[in-house]
Every structure is written in C-alpha cells, then in structure tokens.
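Chemist: Next input, structure requested:
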Amino acid sequence: MTNARIASRTRTTSESSIQLELDLDGTGSSSIDTSVPFFDHMLTAFAKHSLTDLRVKATGDTHIDVHHTVEDTAIVLGQAIREALGDKTGISRYGDALVPLDEALAQAVVDISGRPYLVHTGEPAGFEMHLIGGHFTGSMVRHAFEAITFHAGLTVHVNVLGGRDPHHIAEAEFKAFARAFRQAKSLDPLVVGVPSTKGAL
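Modeler: Here you go, the predicted structure:
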C-alpha cells in the first residue's frame, strides 16, 4: 500500500497569508481563493489537469500589486509538492505535454529531479506587460513557474509555440505544465525504488 502523498502548508508574512493543502493522488478537485481571480483560474486548471486535489486560501496586499500574493502562493505550492512527493519511490519522474487553447500552443516538460531549473521561452513581445483579467500581468506567469520549480525541486521547460491572446497563452502554459506534471508524478508499477542511477532524487 502506497503512503498517501498529501501535504498541508502555511506561510504568513507582512505581505500575504497562505493556507494550502494538496493530494497528488486526487481527482483534480479544487477550492481556490487567492484574491487574484485570474490566478484562481490558473490554479484550478492546474489541479484539474494534473489530477491533484488542491485547496488554497490566500490573502495579501493586492491593493498594492498582485505580485506578492501570487509569488507567495506559488512558493507554498512548490513546498507542498516537494513534501507530498516524499522520497519519490516508484514515480515515473518525467512528463511532457503539448497543449493547445484555440490559437495558442504551449509545450511543457517536467523532470522531478530534485534540482530546480526553469527554462521558459516563447512568450510574444510585450506579453509580460499585458493585464489579464484586470489584475494579473503576463510577467506573473514566469514568476509563478520560477517559484513552483525552485521550491518543488523540479526541472521544467515551458515553451510557447504560438498564440495571440494573452489569456489563451497563459492558460495553455499552465495546462501544459499540469499535464506534464501529471505524467511525472504518476506511480509506475514497473519502477523499483527511485528512478535514478544515483539512488536518490
């Protein structure tokens, strides 16, 4: 019987307060309230398409900017993923996905390597300055992936292959990451121990 791959994390600073719970072996159910509506939308998509049950309650100084709340939530999500993965026994380790959303197309590759590394390319010029949903700037997509990647100990490549609408581009990126992570975290019955010649990840 495999141990439950669950985690519960909190983080409180002068800028934000985060409460998060996840189950890596869930069905994709979620309850997300970060006080940043578009980020709620992205985390809901992540949960649904990675088959991770996710509960998030976050508040922060969004009257200044959404930056702190988004980044701090992504930090806690990464920490929870790392905790829930445990010693990584039996995981597939690698995952990749190519996801369209109308005219947008994004590719993500995930390695649960224990070594944080992000390669993030292809967003069109000016994307980082665009307001999505009136609150969330395009620049926050990379910030979120940086925080998740670093704190979860993942190697992640995200590449936007095409797209015009900033909402579609961001959502394709999050969905591609979710689908790749779903593969990587999945338990492979043929894997004995940890899938690394080093014996640890």
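
Chemist: Next up, the contacts around Asp111.
Modeler: When contacts are counted by C-beta atoms under 8 Å, 6 or more residues apart in numbering, Asp111 touches 93-94, 154-156, 184. Placement of C-beta: from N, CA and C, glycine included.

Chemist: close enough to count as contact, Gly162 and Leu101?
Modeler: No. Counting by C-beta atoms under 8 Å, Gly162 stays clear of Leu101, with 10.4 Å between them.

Chemist: quick one, helices of this protein?
Modeler: 37-50, 67-85, 139-152, 166-185 (DSSP state H).

Chemist: Sort out which residues of the third one are buried, please.
Modeler: Translated: helix 139-152. Neighbour-count burial for helix 139-152, counted by 16 or more other C-beta atoms under 10 Å, picks out 140-142, 144-152.

Chemist: Could you find the closest non-adjacent residue to Met140?
Modeler: Counting by C-beta to C-beta, 6 or more residues apart in numbering, Met140 lies nearest to Val70, which is 5.1 Å off, once chain neighbours are set aside.

Chemist: Then Asp102?
Modeler: In space, Asp102 comes closest to His168 once its chain neighbours are excluded; the distance is 5.4 Å by C-beta to C-beta, 6+ apart.

Chemist: Do you know the pLDDT at that neighbour?
Modeler: pLDDT, His168: 98.
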